[in-house]
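S.K.: What follows is a predicted structure for the sequence shown.
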Amino acid sequence: MNQFRDTPHQETTHGQSGVFATTGAEVPVGTGRAQLALGVRAAWTRFRKAERKFSDSIWGDALACVCLAIIFGGLLFAPLFWAN
């Protein structure tokens, strides 16, 4: 049974829930905590949209190449730091 329905004067929205849910998670409506949860959800949704846009651009590919170069460079030169 839904714990939010047992408390008086609180409505809930229904849909996906969890960290990565972007719409309709079950939160009580009208309290400060609910407003905070909805604000965090809106910020997370906006961040994910911006990340997808960046990843799909040439700059996302450039950043991936730089990261791969750093990883491979680290793997190549790591034995020099372990040598006695």
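M.R.: All right, it came through fine.

S.K.: Tell me how many other residues surround residue 60.
M.R.: Using other Cβ atoms under 10 Å, residue 60 is surrounded by 14 other residues. In this view, the C-beta of every residue, glycine as well, is placed from N, C-alpha and C.

S.K.: which residues sit in contact with it?
M.R.: By Cβ atoms under 8 Å, 6 or more residues apart in numbering, the contact set of residue 60 is residue 54.

S.K.: Look up the pLDDT of it for me, please.
M.R.: Residue 60 carries a pLDDT value of 93.

S.K.: measure it to residue 37 for me?
M.R.: 30 Å (Cβ to Cβ, to the nearest Å).

S.K.: Give me the distance between residue 49 and residue 67.
M.R.: To residue 67, residue 49 is 22 Å away according to Cβ to Cβ.

S.K.: hmm, I was thinking of residue 32
M.R.: 40 Å.

S.K.: So for these two, which sits in the more crowded spot?
M.R.: residue 67 (10 against 7).

S.K.: could I have the helix or strand of the chain with the lowest mean pLDDT exported to CSV, CA atoms only?
M.R.: The helix or strand of the chain with the poorest confidence is helix 32-55; it has a mean of 89 (mean pLDDT, DSSP states H and E). C-alpha atoms of helix 32-55 as CSV (Å, rounded to 0.1, in the frame of the first residue of the first chain):
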residue,chain,number,x,y,z
GLY,A,32,8.4,22.2,1.4
ARG,A,33,10.0,18.8,0.9
ALA,A,34,7.9,18.1,-2.2
GLN,A,35,8.8,21.4,-3.7
LEU,A,36,12.5,20.7,-3.1
ALA,A,37,12.1,17.2,-4.7
LEU,A,38,10.4,18.7,-7.7
GLY,A,39,13.0,21.4,-8.0
VAL,A,40,15.8,18.8,-7.8
ARG,A,41,14.0,16.8,-10.4
ALA,A,42,13.7,19.8,-12.7
ALA,A,43,17.4,20.6,-12.3
TRP,A,44,18.3,16.9,-13.0
THR,A,45,16.1,16.8,-16.1
ARG,A,46,17.7,20.0,-17.4
PHE,A,47,21.2,18.7,-16.7
ARG,A,48,20.5,15.4,-18.5
LYS,A,49,19.1,17.4,-21.5
ALA,A,50,22.3,19.5,-21.6
GLU,A,51,24.5,16.5,-21.3
ARG,A,52,22.8,14.7,-24.2
LYS,A,53,23.1,17.8,-26.3
PHE,A,54,26.8,18.1,-25.5
SER,A,55,27.4,14.4,-26.1
